[in-house]
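> Whatever this is, show me its structure:
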Amino acid sequence: MYRKLRFKLSLLCCFSTAVIVLAVLCCCLNISEKNMYGQEEALFLLKVNTISYHLKTAESISLTWYRRTAREPDGLLYLEVNQVPSALSSVTLSGKELALIQSFKKGSKKRPVQGKNGQTYLQFTVNGQKFLAAEETFSEKETEIHSFYFYSLEHFYSARNLLRLRFFALWLVSLLILYGFSQAFTAHVLKPVIENEENQKHFIAVASHELRSPLSVFKTGLSVLKNKPDSEKSERIFTLMDNEMSRMERLIQDLLSLTKAGQPSRKDPFQSVRPGDLLDEIYQNYKETARNRQIALTLSKEEDCCCSGDPQRIRQLIIILLDNALSYTPAGGQVSLRLFCSRSQCCIQVADTGTGIPDAEKDKIFDRFYQVNASRSSKEHFGLGLSIAREICHAHGGGISVSDTKEGGSAFTVRLPLS
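The predicted structure is shown next:
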């Protein structure tokens with residue numbers, strides 16, 4: 001499914017980007033063509049003015065000058081004296097060139113154009129070829145000289161077509177690059193979606209397994225009670241079923257807490273919370289439990305601070321961390337609660353001298369149902385507590401991290417924004 005989705009998204013991304021690139025290239029091509037034509041126009045007008053100046057100022061028109069001017073690669077000069085073709089033009093120009101002049105004089109597709117400098121010239125087409133033309137008449141004594149200068153645009157159109165071909169080739173190359181980029185981009189975009197689906201599948205599988213275990217106990221116990229009633233055995237079975245029922249109830253409660261952790265109640269908006277007061281309350285409630293487990297529980301508050309949040313969720317967050325610390329710290333160990341401020345954040349730290357967490361597992365312990373190893377897993381914990389704690393921190397705009405302690409245990413630090 002994701003492969004097809006990735007292919008479709010890649011095509012969509014590539015097509016939309018290719019259209020944008022094509023529009024940009026067309027604009028650049030249009031500007032380039034205008035600049036090229038402007039250069040051709042400027043060169044044509046320069047030659048026209050040069051010829052006009054020479055014809056007006058020269059005492060006589062030499063054959064050498066005329067041949068050099070009249071037979072330029074892209075230019076053609078034709079002269080008439082008293083409306084009769086000059087001998088220079090008749091001798092120098094070929095029959096094809098003279099036919100071109102006759103076609104122009106007959107009015108073959110001529111269009112007047114005003115140049116950038118205000119000078120007027122003509123554009124005309126004959127036999128599919130396009131030319132720029134300028135004609136001028138001036139008199140000297142009793143002689144009237146009529147000049148025609150033609151400038152072929154064949155070189156311009158050849159260069160323009162080559163430029164268009166290069167732009168088109170550039171666009172085709174950009175399509176390949178864009179498609180490769182689209183593949184990488186869509187893969188990056190879909191990666192969190194795929195990982196989220198895998199996490200959901202794993203979450204459902206583990207939750208189903210955890211719920212199936214107590215149901216199997218219930219089914220087996222009921223079967224035994226039905227087939228072989230025995231008061232002594234029945235009491236043991238009822239005790240086992242009651243324990244499994246409590247375990248199932250805790251699991252369901254953890255699942256509900258995980259669902260609600262990242263969604264603060266709208267009925268109970270954030271309010272000013274003093275974590276120091278919450279720590280005092282929790283410390284008083286758990287110090288007897290710690291003493292029974294022969295664990296030293298301490299509380300230190302370096303400075304009092306205030307944050308904005310849901311007090312019930314923050315209390316739940318601290319209890320989760322403290323309960324984990326007490327569960328995984330052996331008798332004779334120590335668990336400490338600490339409150340301090342750092343970089344405009346209110347920090348709550350729960351540290352223990354327990355078994356510790358390997359560095360390779362520190363990024364995974366906040367995943368749902370994840371437990372480091374058998375030594376840190378028990379029927380009392382399902383691997384949801386730290387996931388709930390992380391969601392509560394994120395819902396309050398804060399974060400949670402884990403580090404090692406000098407005694408070899410773990411220290412969980414919660415950072416919440418100060419109010």
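> wait, doesn't residue 400 sit right on residue 350?
No. Counting by CB atoms under 8 Å, residue 400 sits too far from residue 350 to count as a contact (10.3 Å). For every residue, glycine as well, the C-beta is placed using N, CA and C.
> Which one of these two is surrounded by more residues?
Each of residue 400 and residue 350 has its neighbours counted (other CB atoms under 10 Å); residue 350 has more, 25 against 20.
> Identify the bridge partners of that one.
Taking DSSP bridges, one obtains residue 337, residue 412 as the residues bridged to residue 350.
> Confirm for me that residue 61 is in contact with residue 51.
No. Using CB under 8 Å, residue 61 is not in contact with residue 51; the gap is 10.4 Å.
> neighbour-wise, which of those two wins?
residue 51 (20 against 16).
> On the three-state scheme, that one is what?
helix (DSSP: H, G, I helix; E, B strand; the rest coil).
> Enumerate the positions of stretch 93-109 that are buried.
93, 100, 101, 104 (16 or more other CB atoms under 10 Å).
> pull the longest strand from this protein.
Scanning the chain for the longest strand, with DSSP state E as the assignment, gives strand 129-140.
> Name the residues that touch it?
40-41, 44-45, 48, 52, 55-56, 100, 104, 110, 121-125, 144-154, 157 (CB atoms under 8 Å, 6 or more residues apart in numbering).
> helix, strand or coil for the closest residue in space to residue 73 that isn't next to it in sequence?
Counting by CB to CB, 6 or more residues apart in numbering, residue 73 lies nearest to residue 155, which is 7.8 Å off, once chain neighbours are set aside. Assigned state for residue 155: helix (three-state reduction, three-state DSSP).
> Quick check, pLDDT for residue 155.
The predicted local confidence for residue 155 comes out at a pLDDT of 89.
> likewise the one 4 residues further on?
Listed pLDDT for residue 159 reads 92.
> does it sit in a helix or strand, and which one?
Following DSSP states H and E, one finds residue 159 within helix 154-227.
> what angle do that helix and strand 129-140 make?
Helix 154-227 runs at 150 degrees relative to strand 129-140, counting by axes from the mean of the first three to the mean of the last three CA atoms, to 10 degrees.
> by contact count, what packs against helix 154-227?
helix 2-57, strand 129-140, helix 231-261 (3 or more CB pairs under 8 Å, 6 or more residues apart in numbering; DSSP states H and E).
> So which of those is nearest residue 114?
With CB to CB as the criterion, residue 114 lies closest to helix 2-57 of the helices and strands packed on helix 154-227, at 10.6 Å.
> okay, now residue 341: neighbour count?
Other residues close to residue 341 by other CB under 10 Å number 15.
> Is it in contact with residue 418, as I believe?
Yes. Counting by CB under 8 Å, residue 418 is a contact partner of residue 341 at 7.2 Å.
> what touches both of those two?
Joint contacts of residue 341 and residue 418 (CB under 8 Å, 6+ apart) are residue 305.
> which stretches of the stretch 301-419 of the chain aren't confidently modelled?
368-383 (pLDDT under 70).
> Would you map the strands across it?
307-309, 334-341, 345-352, 399-404, 410-417 (DSSP state E, counting those that start in this stretch).
> Could I get the contacting residues of the residue nearest the centre of the chain?
With distances taken as CA atoms, centre = their mean, residue 185 lies nearest the centre of the chain, 7.0 Å away. Residue 185 sits next to 10, 13 when contact means CB under 8 Å, 6+ apart.
> any idea how far residue 194 is from it?
15 Å (CB to CB, to the nearest Å).
> Kindly report the same for residue 119.
67 Å.
> Tell me where the model's unsure across the stretch 1-150 of the chain.
Using pLDDT under 70, the flagged stretches of the stretch 1-150 of the chain are 1, 71, 107-109, 117, 141.
> follow-up on the earlier one: now the longest strand of the chain: buried residues?
131, 132, 133, 134, 135.
> could those residues be laid out in JSON lines, adding distance to residue 388?
As requested, the buried residues of strand 129-140 are exported to JSON lines (distance: CB to CB, whole Å):
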{"residue": "131", "distance to residue 388": "83"}
{"residue": "132", "distance to residue 388": "81"}
{"residue": "133", "distance to residue 388": "86"}
{"residue": "134", "distance to residue 388": "87"}
{"residue": "135", "distance to residue 388": "92"}
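> between these, which is nearest residue 305?
Looking across those and measuring by CB to CB, the closest to residue 305 is residue 132, at 82.3 Å.
> excluding its backbone neighbours, what's nearest the closest one?
residue 151 (4.3 Å).
> The one you found: what's it in contact with?
40, 43, 44, 47, 74, 75, 76, 131, 132, 133.
> returning to what we had before: find the residues that touch each one of residue 400 and residue 350.
residue 412.
> thinking again about what came up before, distance from the very next helix or strand once past the longest strand of the chain to the middle of the chain?
Counting by DSSP H and E, the element after strand 129-140 in chain order, helix or strand, is strand 143-152. When distances are taken as CA atoms, centre = their mean, to the nearest Å, strand 143-152 is centred 63 Å away from the chain's centroid.
> between strand 143-152 and helix 2-57, how big is the angle?
160 degrees.
> mind listing what strand 143-152 pairs with, with the direction of each?
For strand 143-152, pairing defined by DSSP bridges yields strand 75-81 (antiparallel), strand 129-140 (antiparallel).
> possible to save these as a markdown table with distance to residue 215?
Formatted as a markdown table, these follow (distance: least, CB to CB, whole Å):
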| stretch | distance to residue 215 |
| --- | --- |
| strand 75-81 | 99 |
| strand 129-140 | 89 |
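> and residue 290, what helix or strand is that in?
helix 275-292.
> what separates that helix from the chain centre, distance-wise?
Worked out by CA atoms, centre = their mean, helix 275-292 lies 47 Å from the chain centre.
> Show residues contacting that helix.
With CB under 8 Å, 6+ apart as the criterion, helix 275-292 contacts 296-297, 299, 301, 304-305, 307, 311, 314-315, 318-319, 322, 326, 335, 337, 339, 346, 348, 416.
> before we move on, the earlier item: quick one: the helices and strands packed on helix 154-227 as a markdown table, columns for distance to residue 356 too.
Output for the helices and strands packed on helix 154-227, formatted as a markdown table (distance: least, CB to CB, whole Å):
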| stretch | distance to residue 356 |
| --- | --- |
| helix 2-57 | 38 |
| strand 129-140 | 85 |
| helix 231-261 | 24 |
